[in-house]
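**Q** Need coordinates for the below:
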Amino acid sequence: MARIAILGAGVMGTALAYPLSDNGHHIHLIGTHLDGEIIAHCKADAFHPRLNRALPPNVTPFLHEELNAALEGVDVIALGVNSRGVEWAGQQLAHRVRPGQPVLMVTKGLAASENGDLRVFPQLLADYLPPGTPIAAIGGPSIAGELAARRQTCVVFTCADQATLDYLTPLFATDYYHLWTSTDVIGVEVCVALKNIYALGVGLVPGILEASGWMDGNAGMHNHAAAFFAQGLAETAELVTLLGGRLESVFSLPGAGDLYVTCQGGRNSRMGRLLGMGVDPEEANEQMAGETVEGVDAVGTIAPAVEKLIERGVLRPDSLPLLRHIYAVAIKGHPAEPIFPRFFRQPALNLKPVGK
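**A** Residues are numbered from 1 along each chain as shown. You can find the predicted model right below:
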């Protein structure tokens, strides 16, 4: 039996409490400075208002102001803040993490330097923590509400240190939460960062269809969406390769699996639909008020970095056309347009567009 602290009381971080509780562990659910209302509900009636579900047994909620007490004596810290909060979380944990204490990241995204170099979030977090802190991360298809409902879920835990993975996985694994391990931190983390962007891209298609007057007979736009999905995987493979990850992560749970589940619904798909309908990004953000749309945040960081990498000759001029188009739509307010002749040009695919 272990003590696990989860910093960040959002839906995904909190969902981890269910398999942990089922395994008999004690969980400290710690709100950030933005989670006061959520933690107040949790303290009052052991009910999470965003998951719309009772907390499992063995969970003790803590306000951010109780952070020191909440971290005392815990064996593992899980980080469930959103992508905007990684550096904040690093600052909070910098002098509170014990030597050798594992940190497990739920947060997805990439960080960019001024010259366009990209880093995965475990690398960013490591800047703040004591040298040698074991940092692992979760990748793969996992919708929070399904995990909290104990639906069958398959994910990957990744860390450069296999011994850390061997320690963590038995703590979390259940008969419904199935875990594989990988030391391909770069590949897994690039995949799970990009899936929010490409899910938003696939989400554009229902909006385009709706704006066009819906279906013509039984003709939807699944072909259109499938091409976006496939191009998203091809572009993910290009960035994974560039940053030194392994392609096996792209075409398994962290890449194809996580992109599939994210396309099925949620914030990125809803934002994509609004933008596909022609709603201005500012208005779309207003309609999504109170929700962090990770795909918008991610493309706003990654696409400008990609342009710098192209300028430096690190990437080809025709690289990542779908990602760059999603940036134009989601950030610049350009219309969603067919750009299919630019697709599938990665050298490994060896495909050439034909005709107009």
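**Q** switch to C-alpha atoms for all contacts and neighbour counts from now on
**A** Fine.
**Q** same for the longest helix anywhere in the chain, what does it pack against?
**A** Using DSSP state H, we find that the single longest helix of the chain is helix 185-211. On a contact count with 3 or more Cα pairs under 8 Å, 6 or more residues apart in numbering; DSSP states H and E, helix 185-211 meets strand 118-120, strand 135-139, helix 222-243, helix 258-263, helix 267-276, helix 294-311, helix 321-330.
**Q** which stretch among these comes nearest residue 282?
**A** Distance to residue 282, taken as Cα to Cα, is lowest for helix 321-330 among the helices and strands packed on helix 185-211, at 9.2 Å.
**Q** ok, and what's touching that closest one?
**A** 197-198, 200-201, 228, 231-232, 235, 275, 281, 296, 299-300, 303, 334-336, 339, 342-343 (Cα atoms under 8 Å, 6 or more residues apart in numbering).
**Q** got the contact list for the residue positioned nearest the centre of the chain?
**A** Centroid-nearest residue in the chain: residue 108, 3.4 Å away (criterion: Cα atoms, centre = their mean). By Cα under 8 Å, 6+ apart, residue 108 lies in contact with 82-83, 121, 189, 192-193.
**Q** Adding distance to residue 144, neighbour count and pLDDT, write those residues out as a markdown table.
**A** As requested, the contacts of residue 108 are arranged in a markdown table below (distance: Cα to Cα, whole Å; neighbours: other Cα atoms under 10 Å; pLDDT from 0 to 100):
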| residue | distance to residue 144 | neighbour count | pLDDT |
| --- | --- | --- | --- |
| 82 | 14 | 19 | 88 |
| 83 | 16 | 20 | 88 |
| 121 | 20 | 25 | 97 |
| 189 | 18 | 28 | 97 |
| 192 | 15 | 30 | 96 |
| 193 | 17 | 29 | 95 |
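**Q** Are there helices or strands packed against the host helix or strand of residue 92, and which ones?
**A** Assigned by DSSP states H and E, residue 92 falls within helix 86-93. Secondary-structure packing of helix 86-93 (3+ Cα pairs under 8 Å, 6+ apart): helix 121-126.
**Q** Give me the buried positions along the helix it packs on.
**A** The neighbour-count check on helix 121-126 (16 or more other Cα atoms under 10 Å) flags 121-122, 124-126 as buried.
**Q** Need those in JSON lines (columns: distance to residue 330).
**A** Below are the buried residues of helix 121-126 laid out as JSON lines (distance: Cα to Cα, whole Å):
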{"residue": "121", "distance to residue 330": "23"}
{"residue": "122", "distance to residue 330": "26"}
{"residue": "124", "distance to residue 330": "25"}
{"residue": "125", "distance to residue 330": "27"}
{"residue": "126", "distance to residue 330": "30"}
